[in-house]
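Colleague: Dropping the sequence and predicted coords here.
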Amino acid sequence: MATVNSFDGTRIAFTHNAARKAGSLSLVMAACQVPAFDKFEEVMRKSTSTAVMDMRGSGSSASPGTKWDFSVPAFARDITAVMRATKAGNAVVVGYSHTAEAVAHLAISDPQKVAALVLIEPGLFVSREQLLERSRLADAGQIEEALRLALSSSNPGLTGKQLDEGVQYVLKTYGNSAETIAAEWRARAEYKISEKHLAQITAPTLVIGGTESNIKEDVARTAAAIPNASLFWLRGATHFLNEKQGATAAEITNCFLANIL
């Protein structure tokens, strides 16, 4: 695990696998710490130089002080910090679920750095009211209730023991910090991306969604808004892809990149 200081001193942790193939693509993955993402990386690193980063406030990425900047533009600048550290130049940038917001922002605000985009189950259109309600619950000491609300809204089939395990997994990923999770929800609530913004993306884009996902309408909406985006549906997949579906998403990505770059 390596680290790089981002624009405000936040230490961003990442792993970097140099490609075995000379001249291969550079891939930067904005991690969401899920098994499917691990499997995606395992397949992709066979053909690309792959960096997987922990988003600020999660995993091994940490802040130098008590004042956190959880704005979406800050997340996007963390991605460019990892790109500099790995000498990626411009790169293929991958975002899953809520991390797709920062990836899309980077493609809009700094397009020369993005060779292509891969958005897996992009959660770009969660309502401001939902995000603020989750944040309010977390601030009131009801973080587990807030997480149950968030997880079940994207995957209603997640109930009982599986839902409880999902809540604990997220808490562990964020260092059991309700304050951190609440701050991220507030920041996302204040940053709203629209079809008008997505229409500015010029990079070749692949959007991958699950046919059983509770946000499949938002996935389709994202693909429709980005000029010349390609949309692929994983049959039977929910918002939380399993490992096999993560590997399939990587194979689809390899085909996509082979055809456009």
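Modeller: Happy to help now that I have it.

Colleague: isn't Pro227 right next to Ala203, touching?
Modeller: No: counting by C-beta atoms under 8 Å, Ala203 is not a contact partner of Pro227; they are 9.8 Å apart. C-beta coordinates here come from the backbone N, C-alpha and C atoms, glycine included.

Colleague: So which of the two has more stuff around it?
Modeller: Remark: of Pro227 and Ala203, Ala203 carries more neighbours, 22 against 12, as counted by other C-beta atoms under 10 Å.

Colleague: Just the pLDDT for that one.
Modeller: Looking at Ala203, its pLDDT is 96.

Colleague: What of Val94?
Modeller: For Val94, pLDDT reads 96.

Colleague: Is it in a helix, a strand, or coil?
Modeller: Secondary structure, DSSP: H, G, I helix; E, B strand; the rest coil: Val94 is strand.

Colleague: Isn't it up against Ser26?
Modeller: No: Val94 lies out of contact with Ser26 (C-beta under 8 Å); the separation is 11.4 Å.

Colleague: And these two? Which one has more around it.
Modeller: More crowded of Val94 and Ser26, by other C-beta under 10 Å: Val94, with 29 against 21.

Colleague: Give me the neighbour count for Met55.
Modeller: Burial of Met55 is recorded as 24 neighbouring residues (other C-beta under 10 Å).

Colleague: Provide a list of residues in contact with it.
Modeller: Contacts for Met55 were tallied using C-beta atoms under 8 Å, 6 or more residues apart in numbering; they are Ala30, Ala31, Cys32, Ser61, Phe75, Asp78, Thr99, Ala102.

Colleague: what about 7 Å?
Modeller: Ala30, Ala31, Ser61, Phe75, Asp78, Thr99 (C-beta atoms under 7 Å, 6 or more residues apart in numbering).

Colleague: Can you report how many residues lie near the fifth one?
Modeller: Right, the one you point to is Asp78. Neighbourhood size, Asp78 [other C-beta under 10 Å]: 26.

Colleague: Next, work out how far apart it and Glu145 are.
Modeller: Look at Asp78 and Glu145: by C-beta to C-beta, to the nearest Å, they are 29 Å apart.
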